[in-house]
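In: Sequence and predicted structure are below.
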Number of protein chains: 2
Amino acid sequence: MATQPRSATLTAHVHEQLRAEILSNVYAPGSPLRLAALSKHYGTSMSVIREALVRLAEQHLVVLLPNQGFRVAEISREDLIDLTELRIMLEGLALRRSIERGDMEWEAKVVSTHHILERAELHREGEPGTTAEWSAAHAAFHDALGVACGSPRLISMVRGLRDSSELYRQLSGTGEAEVKRDIPAEHRELMELARDRRPDEAVEALGRHFQRTTDLLLQAVLADEAGPAPAMY
Amino acid sequence: MATQPRSATLTAHVHEQLRAEILSNVYAPGSPLRLAALSKHYGTSMSVIREALVRLAEQHLVVLLPNQGFRVAEISREDLIDLTELRIMLEGLALRRSIERGDMEWEAKVVSTHHILERAELHREGEPGTTAEWSAAHAAFHDALGVACGSPRLISMVRGLRDSSELYRQLSGTGEAEVKRDIPAEHRELMELARDRRPDEAVEALGRHFQRTTDLLLQAVLADEAGPAPAMY
DNA sequence: AATCAAGCAATTATCGATAATTCCTCAATT
DNA sequence: AATTGAGGAATTATCGATAATTGCTTGATT
């Protein structure tokens, strides 16, 4: 398990790893992240764990309660709806601007990341859940769509929202509900509309893409959770 | 100078203080923030300084270069323009939604924070630069405008952008250029349009308010900085 | 003079230990 | 039975020291 730190700094490495673990649902939403346990797990002192967790807390992937430690961020219907609305708007804007301003290098990146994603999708046929490779390829493709928007801040915000969304997506695995959906086709459509520089249609397609995912997620994973709280009364 | 920590935790207290110092331009943009010096300044160990700085780094107010420490975030024409564009959009959206969804308590908050701001503006007549009280009142008023939008994430993003903007604003002091501008009147208009629930006009006014500030800032403070770099060639 | 490398000083990153706080248990009281 | 409060265990927050890294200075080399 001894990991060789490729990162410039130990903390950066742990931060990346921990983010990946959280996004792939190794720790359930709301569950505590104990310093001692993680310290042992990663073979580093509590200081570097703590610093990594502080960073994740600022990114809203974990929550810090003073003197009570860190927990994985909670999930909820309302939050997913909020998240999706903002994502449609901001990631849509980033896409629109990329289409308007992106150069040929950008086009190439869209095409190439889509190609990798398409391959991952073919390989995945009938697989149980979301593969780590597919998730990475998926994130890379969506990132490419907006990366030429020209605004570092917008890119950063979009990435943050995307990470938060991933928390929900992983929850469903490859949900049964998704059988009715041709996700590869949606991605191909997005790639073509971006490549062919059709801003309105592309933004529209992106919005539908997100909304569909959210709707399925809402009915599949978060179907209940309407009352004030789960149980214990 | 011994500060009594009202915060739940020492780090939180230092984080707040440091944020305030950076936003009020105690340290110039780009200047290094040395752990030992700050540690001495605040009378705490380097660990809590470091944690506070890590948080600020995630909020884009400072920058961390691995093994080279922390610096106050740099400023630039392009960044200010980017920032303003995003602020107009996001803070405008928050305002629109607050007008649509805010209850009477929200209205009251808008009116009351505006009242405090107006008082601070009157008191400030002829003062040299931006007062700390005025800055606080100003931030509180703008915060109130968007706080009822119903999206915690949007509120958080808007606050982050507002903090970054403050970095620029403080740079100008009460610039000479502002004499031609009736800022109190702009604020009053905003308050009235929000209070009277006129979304389109309010959002429009907010956009103009930001754009004016930025335009003046651009010509007053960041007039040069067109070439590749200041000097040293 | 310019370049380069070795050594040194300053600074950051990491560690392990201590202090402070919270949470749980359980007995005492009502 | 429910509530309260005092202990004690578990956990977080803070500290000071050590290790690692960077960057500067200086002296050797061309």
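Out: That came in fine, so what should we check first?
In: Which residue is the nearest non-sequential neighbour of the residue in chain A that DNA strand D sits nearest to?
Out: Nearest to DNA strand D, among the residues of chain A, is A:G69, at 2.8 Å (CB to the nearest atom of the strand). Every residue, glycine included, has its C-beta placed from N, CA and C. Nearest residue to A:G69, sequence neighbours excluded (CB to CB, 6 or more residues apart in numbering or on different chains): A:P32, at 6.1 Å.
In: repeat for A:V48
Out: Per CB to CB, 6+ apart, closest to A:V48 is A:T11, 4.7 Å.
In: Extract the CA atoms of the helix or strand hosting A:S164 and return them as CSV.
Out: Applying DSSP states H and E as the criterion places A:S164 in helix A:152-172. Extracted in CSV, the C-alpha atoms of helix A:152-172 (Å, rounded to 0.1, in the frame of the first residue of the first chain):
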residue,chain,number,x,y,z
PRO,A,152,-10.3,30.8,-14.7
ARG,A,153,-12.8,31.6,-12.0
LEU,A,154,-15.7,30.2,-13.9
ILE,A,155,-13.7,27.0,-14.6
SER,A,156,-12.9,26.6,-11.0
MET,A,157,-16.5,27.1,-9.9
VAL,A,158,-17.7,24.6,-12.5
ARG,A,159,-15.2,22.0,-11.4
GLY,A,160,-16.3,22.4,-7.8
LEU,A,161,-20.0,21.9,-8.7
ARG,A,162,-19.0,18.9,-10.8
ASP,A,163,-17.2,17.3,-7.9
SER,A,164,-20.2,17.8,-5.7
SER,A,165,-22.4,16.3,-8.4
GLU,A,166,-20.2,13.3,-8.6
LEU,A,167,-21.0,12.6,-5.0
TYR,A,168,-24.6,12.0,-6.0
ARG,A,169,-23.9,10.2,-9.2
GLN,A,170,-21.7,7.6,-7.6
LEU,A,171,-24.5,6.8,-5.2
SER,A,172,-26.6,5.3,-7.9
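In: The following helix or strand past it: which residues count as buried?
Out: Next helix or strand after helix A:152-172 toward the C-terminus (DSSP H and E): helix A:183-195. Buried residues in helix A:183-195, counting neighbours by 16 or more other CB atoms under 10 Å in any protein chain shown, are found at A:186-187, A:189-195.
In: now whichever helix or strand comes after helix A:183-195: how far from the chain's centre is it?
Out: As assigned by DSSP H and E, the chain's next helix or strand after helix A:183-195 is helix A:199-220. Put simply, helix A:199-220 sits 15 Å off its chain's centre (CA atoms, centre = their mean, to the nearest Å).
In: close to chain B, is the longest helix along chain A?
Out: Determined from DSSP state H, the single longest helix within chain A is helix A:77-101. Yes. Residues of helix A:77-101 contacting chain B under CB under 8 Å from any CB of the partner chain: A:79, A:82-83, A:85-86, A:89, A:93.
In: of all those, which comes closest to DNA strand C?
Out: Of all the residues of helix A:77-101 next to chain B, DNA strand C sits closest to A:D79, with 22.8 Å by CB to the nearest atom of the strand.
In: list the contacts for the closest one?
Out: B:152-153 (CB atoms under 8 Å, 6 or more residues apart in numbering or on different chains).
In: I'd say the residue nearest to A:V48 and A:R50 touch.
Out: No. Counting by CB atoms under 8 Å, A:T11 does not reach A:R50; the two are 9.2 Å apart.
In: quick revisit: near chain B, anything from the helix holding A:S164?
Out: Yes. Under the criterion of CB under 8 Å from any CB, helix A:152-172 makes contact with chain B via A:152-154, A:156-157, A:161, A:164.
In: Which one of those is nearest to DNA strand C?
Out: For these, the residue nearest DNA strand C by CB to the nearest atom of the strand is A:S156; the value is 20.2 Å.
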